[in-house]
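# Requesting a structural model of the entry that follows:
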Amino acid sequence: MSSPSVAPPRPRAVGCRLALTERDRTQHFAVRRAVFVEEQGLFVGDDRDRCDADPATLHAIGMAEGRAAGAVRLYPVDGDGGWKGDRLAVVRAARHGLLGAALVRFAVATARERGGTRMDAMIQLPNVAFFEALGWRRDGATVEFHERAHQPMAIDLVTPTA
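Model prediction:
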């Protein structure tokens, strides 16, 4: 008697876009609040800061199965092509799909399209291998950031030509 075959799990449909409408921004901030305030306790009440009010800051939203389930923000840090990516958040229910990687790739591509040459981020230690698998590299010693150990990481946005 053969064992019944088990169908592999169906990949979740995911997509990323800039949060251009008020509804998108509300969903973006709700995802961040769910992860950084309610789940991780990194912030009290809200995680918004001066970067969120800066018009140069781009807020992105990640969709999984038609629902807002992820967020990331990115912004230029200098006039020389430097960008920062931060506040990457994926709600627990969507965390083991493709959405986190899609959001990171979206942020990198968006900064590149806007003339970025390098992107930096502060990564919580459990997520370092995930970022390394996406082409990021460690960029300095581990530091305390929001009272948690974080690894500075970077990725080049310009591919050298042969």
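
# Which residue ranges of the protein form helices?
For the chain, helices defined by DSSP state H occupy the ranges 22-32, 50-53, 99-113, 128-133.

# ok, now which ones touch Arg105?
Applying Cβ atoms under 8 Å, 6 or more residues apart in numbering to Arg105 gives the contacts Leu134. In this view, the C-beta of every residue, glycine as well, is placed from N, C-alpha and C.

# And the residue nearest to His150 when sequence neighbours are not counted, how far from Glu22?
Using Cβ to Cβ, 6 or more residues apart in numbering and skipping residues adjacent in sequence, the residue nearest His150 is Met122, 4.2 Å away. Counting by Cβ to Cβ, to the nearest Å, the gap from Met122 to Glu22 is 28 Å.

# Next one: Leu42 from His96, what distance?
Shown here: Leu42 relative to His96, a distance of 21 Å by Cβ to Cβ.

# Neighbour count: these two, which is higher?
For the pair Leu42 and His96, the greater number of neighbours falls to Leu42 (14 against 11), based on other Cβ atoms under 10 Å.

# for that one, what are its contacts?
Phe36, His146, Glu147, Arg148.

# From Phe131, how far off is it?
According to Cβ to Cβ, Leu42 and Phe131 sit 18 Å apart.

# re the thing from before, most neighbours out of the contacts of Leu42, which is it?
When neighbours are taken as other Cβ under 10 Å, the top entry among those is Phe36 (18 neighbours).

# can I assume that one is in contact with Leu88?
No. In this structure Phe36 lies outside contact range of Leu88 using Cβ atoms under 8 Å: 10.1 Å.

# if we can go back for a sec, lowest-confidence entry in the contacts of Leu42?
The member of the contacts of Leu42 with the lowest pLDDT is His146, at 82.

# Okay, the closest residue to that residue other than its chain neighbours and Arg23: tell me how far apart.
With Cβ to Cβ, 6+ apart as the criterion, His146 has its nearest non-adjacent residue at 4.9 Å, and that residue is Leu42. Applying Cβ to Cβ, the value for Leu42 to Arg23 is 25 Å.

# do Asp80 as well
35 Å.

# Val108 contacts Thr159, doesn't it?
No. Contact status for Val108 versus Thr159: not in contact, 11.4 Å apart, counting by Cβ under 8 Å.
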